[in-house]
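Trainee: Just the structure for this:
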Amino acid sequence: MHSDSLVIIPTYNEIENVEDIIIAVFQLKKPFHVLIVDDNSPDGTAQKVRELQKEHPEQLHLEVRKEKSGLGTAYIHGFKWAIKHDYEYIFEMDADFSHNPRDLVRLYNVCVNQQADVTIGSRYVKGVNVVNWPLQRVLLSYGASIYVKLITGMKIDDPTAGFVCYRRKVLESINLDNIKFVGYAFQIEMKFKAHLRKFKILEVPIIFQDRTKGKSKMNGKIINEAVFGVLSLKWKSLFNKAELL
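Mentor: Predicted structure coming up:
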């Protein structure tokens, strides 16, 4: 089944979620293809995907990397694969159902109908729409969003969001080998580079639900990268813009 849209889902030890999330995407009325980028999960995630590929040989794709190398590099791997295979709309989505697969259609429709180049599934564009997070984490995430807006000047309410649709031309315009960050700062860096290139970025309100199965990958190192990474991105945009472009 042909599709103009590829959903990239990075995985590491997502055996509890991977089958359900793939099936949920394939049940949508609009056809999407899925690329799982697995970091050699010891729990058998990739093997489960291979089994599902027998049922969905054209829609489901798998790339297995040698080791756990970070979210950002997984997406870069997926972006390059998507460009090589001629997809027009390329999505980032988590494996753990914190992003509702049904919202893929909404992100796609806004891209197509409102001529957006990037659409973001936003937790904060209409208040705070986060379910099952402890208050401390909500405040940390929401505070980070305000901080990023202040430093970068981007008019994006959820710059750390990981639920995103990129038009192919956006990814082709960015030097993907030059992306510096691997954690949450990766999400900010991608949006900032699209912003500097004057692409049209729109936010679509979503409800973000924390994972119910499996283990969160969030840690202090990722937070630090985001905090200090934003400052370095802004500094470069002021004094060494060529390096960002």
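Trainee: Where does residue 7 fall, secondary structure wise?
Mentor: Residue 7 belongs to strand 5-11 when assigned by DSSP states H and E.
Trainee: try residue 83
Mentor: Assigned by DSSP H and E, residue 83 belongs to helix 71-84.
Trainee: can you state the direction angle for that helix and strand 5-11?
Mentor: Angle between the axes of helix 71-84 and strand 5-11 is 150 degrees (criterion: axes from the mean of the first three to the mean of the last three Cα atoms, to 10 degrees).
Trainee: which helices and strands does helix 71-84 pack with?
Mentor: strand 5-11, strand 33-38, strand 60-64, strand 89-92, helix 168-173, helix 184-196 (3 or more Cβ pairs under 8 Å, 6 or more residues apart in numbering; DSSP states H and E). Glycine gets a C-beta too; all of them are placed from N, C-alpha and C.
Trainee: rerun at 6 Å
Mentor: strand 5-11, strand 33-38 (3 or more Cβ pairs under 6 Å, 6 or more residues apart in numbering; DSSP states H and E).
Trainee: quick one: contacts of that helix?
Mentor: Helix 71-84 is contacted from outside by 6, 8, 10, 35, 37, 90, 92, 171, 176, 179, 181-182, 186, using Cβ atoms under 6 Å, 6 or more residues apart in numbering.
Trainee: So for it, what gets flagged as buried?
Mentor: Residues of helix 71-84 classed as buried by neighbour count (16 or more other Cβ atoms under 10 Å): 71-79, 81-83.
Trainee: got it, and stretch 201-209?
Mentor: Neighbour counts over stretch 201-209 (16+ other Cβ under 10 Å) mark 201-206, 208-209 as buried.
Trainee: Mind listing the residues bridging to the residue nearest the centre of the chain?
Mentor: Most central in the chain under Cα atoms, centre = their mean is residue 92, positioned 3.2 Å from the mean C-alpha point. Using DSSP bridges, the bridge partners assigned to residue 92 are residue 8, residue 164.
Trainee: which stretches of the chain form helices?
Mentor: Applying DSSP state H to the chain gives helices spanning 18-26, 45-53, 71-84, 103-113, 135-152, 168-173, 184-196, 220-239, 241-244.
Trainee: so which of those helices gets nearest residue 63?
Mentor: helix 71-84 (6.2 Å; Cβ to Cβ).
Trainee: quick one, the closest one and strand 60-64 angle?
Mentor: Between helix 71-84 and strand 60-64, the angle comes out at 130 degrees (the same axes, to 10 degrees).
Trainee: and helix 71-84, what's its mean pLDDT?
Mentor: Helix 71-84 comes out with an average pLDDT of 97.
Trainee: With stretch 138-154 instead?
Mentor: Stretch 138-154 comes out with an average pLDDT of 88.
Trainee: My guess is the residue nearest to the centre of the chain contacts residue 164. True?
Mentor: Yes. Between residue 92 and residue 164 there is a contact at 4.7 Å, judged by Cβ atoms under 6 Å.
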